[in-house]
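Asker: got a sequence here, can you model it:
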Amino acid sequence: MKKFRADLHIHTLLSPCADLEMTPHNIVERARAGGLDIIGITDHNSTKNALLVKKLAEKAGIFTLTGAEVTTKEEVHCLVFFDNEKSQALFQQFIDENLPHIPNPKGHFGYQPVIDEEENILELIPWFLPAALIKGIEKIQRVVENLNGLFIPAHVDRPVNGIFSQLGFIPKGLKYDALGISRYISEKHVIKQYVLENKTTFIRNSDAHYLEQIGEIYSVFNLQEVSFSEVRKALNQRDNRFVELP
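Answerer: This is a model prediction of the structure:
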């Protein structure tokens, strides 16, 4: 088994709250310099810059999980990832059908550019991307599951946008591959405070909005090799694969 350093919560400049220096090229270079083996691209309610990051990261020997940070109707932030472009495109369609069109005139909430490899702007998303979808967490989880994706409630210990701050509990029957926690809390404390099972997998990520944050916080995946299926096994503690927090 080999150890791989992973930061699975990184925003590109498409997220209005992210710095405009968070271009795919810059993200990959920073991840490479920081010794990351796996990264996750998670813009707010959009997957549209993720595949470009994946393409560039492959050249640098970095494995990329592509998806989004979804805001549910309850305003819970959840990371979702997909194994192929078709599934990701179908989920993007689901987002587009369920994201309220709150205008973002002249980048009032921050610019939201989709760019190409030469950093030309292909599209400026006119709607405020971090808005809550009109679908609840359980519906979104089922959609992700049907697309064979990964579903991870993010920063569950945060006082806002975490599953416990917004709901107070994890809905019975909600399927998730792991729970994200912040740098400010330990696994043992989370388990005790929220009465969770010891077998729950936790991941810790940077939630990077600025280049210097990438890889500042990370998780270590113990895998046979780097692949989507191996990452899934580690998150679900199968076949001796697992995640540890440094």
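
Asker: and the helix or strand bottoming out on mean pLDDT in the chain, what other elements does it pack with?
Answerer: Lowest on mean pLDDT, DSSP states H and E among the helices and strands of the chain sits helix 187-194, with a mean of 89. In this structure, helix 187-194 packs against strand 179-181, with contacts taken as 3 or more Cβ pairs under 8 Å, 6 or more residues apart in numbering; DSSP states H and E. (C-beta placed from N, C-alpha, C; glycine too.)

Asker: what distance separates the strand it packs on from the centre of its chain?
Answerer: 11 Å (Cα atoms, centre = their mean, to the nearest Å).

Asker: so what secondary structure elements neighbour it?
Answerer: strand 150-153, helix 187-194, strand 202-204.

Asker: the very next helix or strand once past the shortest one: partners in the sheet, and parallel or antiparallel?
Answerer: To tie it back to what came earlier, the one meant is strand 202-204. Downstream of strand 202-204, the first helix or strand assigned by DSSP states H and E is strand 219-223. Next to strand 219-223 in the sheet, as set by DSSP bridges, lie strand 2-10 (antiparallel), strand 242-244 (antiparallel).

Asker: hang on, isn't Val64 packed against Asn49?
Answerer: I think there's a mix-up here, since residue 64 is Thr and not Val. No: Thr64 is beyond contact range of Asn49, at 11.3 Å (criterion: Cβ atoms under 8 Å).

Asker: now do the shared contacts for these two.
Answerer: Ile41 (Cβ atoms under 8 Å, 6 or more residues apart in numbering).

Asker: who is the residue lying closest to Asn161 once chain neighbours are set aside paired with across the strands?
Answerer: Excluding its sequence neighbours, the residue lying closest to Asn161 (Cβ to Cβ, 6 or more residues apart in numbering) is His77, at 4.5 Å. On the basis of DSSP bridges, His77 is bridged to Thr71.
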